[in-house]
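> can't give you the sequence, but here's the structure:
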């Protein structure tokens with residue numbers, strides 16, 4: 001009984017020393033900032049919580065977007081007991097102990113248990129095997145939190161037993177609301193120490209913390225200390241700058257951000273948007289992405305998306321890669337930037353990509369197609385008796401260095417695999433091919 005009597009005093013003492021993010025943790029769904037797609041009236045997540053019928057789920061989203069908060073609210077709003085494990089430190093023994101306690105609660109007072117598993121993507125197979133029976137029979141309501149794509153990182157048996165909810169990074173408007181709330185709260189926030197914040201500082205903090213509420217509140221608390229050290233109670237832009245030290249870039253080189261941002265970079269260049277291409281390029285460079293990975297992707301892009309519309313694009317992309325190897329970063333960022341802008345503003349053609357697809361399909365449809373006799377190797381003794389090279393026409397002996405002659409296998413004779421676009425330099429290639437087709441009496445490849 002003594003523990004129960006003194007629990008409020010202990011909680012008050014802990015609250016007094018807790019960091020600002022812990023003190024400002026929402027106590028109800030209505031206090032949560034952002035995630036409107038989960039929390040608006042009628043949304044599946046909110047309805048499930050309000051009806052008091054929680055299901056096992058995986059909360060997937062960037063750091064500081066409220067995964068732990070939502071898990072706690074699921075427990076509190078449904079009158080369930082909240083238990084928490086970290087996949088990094090918990091073992092099979094810990095999992096079994098949680099399941100045992102959860103069964104005891106169900107048998108004695110019919111209270112359910114919400115098991116919050118942080119960093120569920122790190123859960124081992126043995127841990128999952130120990131947990132699955134308790135999830136299947138409803139002994140626990142599992143809430144897993146992950147910053148990684150669960151379809152890549154979590155085993156399918158566990159995913160199949162959970163509902164997936166995706167959380168989005170908070171917007172600057174969301175963070176501004178949170179910052180104002182944290183400054184103005186008279187019992188939990190910075191107002192207890194007499195602090196205020198300028199509009200410019202609040203905006204700067206909201207813009208520079210990458211949609212991460214925890215980071216924003218930690219930086220806000222540190223900015224209060226910085227302001228106090230210079231004898232002020234008003235947090236200014238310079239205090240935010242000092243507390244953050246540098247702009248925060250949320251980027252995991254082995255996770256979703258790695259794939260999403262390189263995809264955005266490629267698609268921005270393909271869409272001929274040099275501004276976006278430069279933004280995503282320097283997002284990756286600032287976050288420490290492997291610069292050779294970026295340079296290799298630009299070499300691929302030069303052939304895949306610019307192609308023969310500007311043949312010099314490939315040479316420039318290779319030169320950018322070579323420059324990176326010679327001078328390294330940060331100096332090579334000039335060459336990488338030059339390459340990205342050039343590729344984004346170059347005329348585009350995917351005719352080579354399309355031709356590759358047609359060629360591969362032709363090989364698949366006609367494997368082992370025979371080389372026409374007149375094209376076969378005729379340099380060795382006896383080749384002529386086999387008919388190899390017979391009737392071959394040497395193009396340089398003809399006007400324009402071109403002559404009507406079959407080069408494809410018989411089963412593909414007359415097919416058009418390469419069809420040019422009329423963009424940039426490729427317009428010249430298209431015109432040349434059209435003239436050759438006319439000269440040789442062939443149908444135009446543009447009609448194929």
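Perfect, thanks for sending it. Just so it is clear, the model here is predicted, and its values are computed rather than measured.
> May I ask which helix or strand of this structure has the lowest mean pLDDT?
Sorting the helices and strands of the chain by mean pLDDT, DSSP states H and E puts helix 2-17 at the bottom, at a mean of 50.
> Show me which residues of the helix or strand just after that one are buried.
Using DSSP states H and E, the next helix or strand after helix 2-17 towards the C-terminus is helix 20-23. Buried residues in helix 20-23, counted by 16 or more other C-beta atoms under 10 Å: 20, 21, 23. Using the backbone N, CA and C atoms, a C-beta is placed for each residue, glycine as well.
> I'd like to know which elements helix 20-23 is packed against.
Here helix 20-23 touches helix 213-229, going by 3 or more C-beta pairs under 8 Å, 6 or more residues apart in numbering; DSSP states H and E.
> What's the separation between residue 443 and residue 434?
11 Å (C-beta to C-beta, to the nearest Å).
> Give me the distance between the two termini of stretch 393-407.
11 Å (C-alpha to C-alpha, to the nearest Å).
> what does that stretch contact?
Here stretch 393-407 makes contact (C-beta atoms under 8 Å, 6 or more residues apart in numbering) with 372, 374, 375, 392, 413, 436, 439, 440, 441, 442.
> which among those residues gets closest to residue 200?
residue 436 (65.8 Å; C-beta to C-beta).
> Where does pLDDT dip in the protein?
Applying pLDDT under 70 to the chain flags the ranges 1-17, 246-258, 374-391, 445-448.
> quick one: the strands in the stretch 1-150 of the chain?
Under the criterion DSSP state E, counting those that start in this stretch, the stretch 1-150 of the chain contains strands at 57-60, 81-86, 113-118, 141-146.
> a markdown table please, covering these and showing mean neighbour count.
As requested, the strands of the stretch 1-150 of the chain are exported to a markdown table (neighbours: other C-beta atoms under 10 Å):
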| stretch | mean neighbour count |
| --- | --- |
| strand 57-60 | 24 |
| strand 81-86 | 17 |
| strand 113-118 | 24 |
| strand 141-146 | 25 |
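> closest one to residue 303 among those strands?
Shortest distance between residue 303 and the strands of the stretch 1-150 of the chain, using C-beta to C-beta, is found for strand 57-60: 35.1 Å.
> who's in contact with residue 337?
278, 281, 282.
> what about the second one, helix or strand, and which?
Secondary-structure element containing residue 281, defined by DSSP H and E: helix 274-287.
> buried residues in that helix?
Under the neighbour-count criterion of 16+ other C-beta under 10 Å, helix 274-287 has 274, 276, 277, 278, 280, 281, 283, 284, 285, 287 buried.
> Now for those residues: which two are most distant?
274 and 287 (20.3 Å).
> Out of the buried residues of helix 274-287, which is nearest to residue 130?
residue 287 (36.2 Å).
> sorry, back to before: export the buried residues of helix 274-287 as a markdown table, with columns for distance to residue 219.
As requested, the buried residues of helix 274-287 are arranged in a markdown table below (distance: C-beta to C-beta, whole Å):
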| residue | distance to residue 219 |
| --- | --- |
| 274 | 32 |
| 276 | 27 |
| 277 | 30 |
| 278 | 27 |
| 280 | 25 |
| 281 | 26 |
| 283 | 20 |
| 284 | 23 |
| 285 | 23 |
| 287 | 18 |
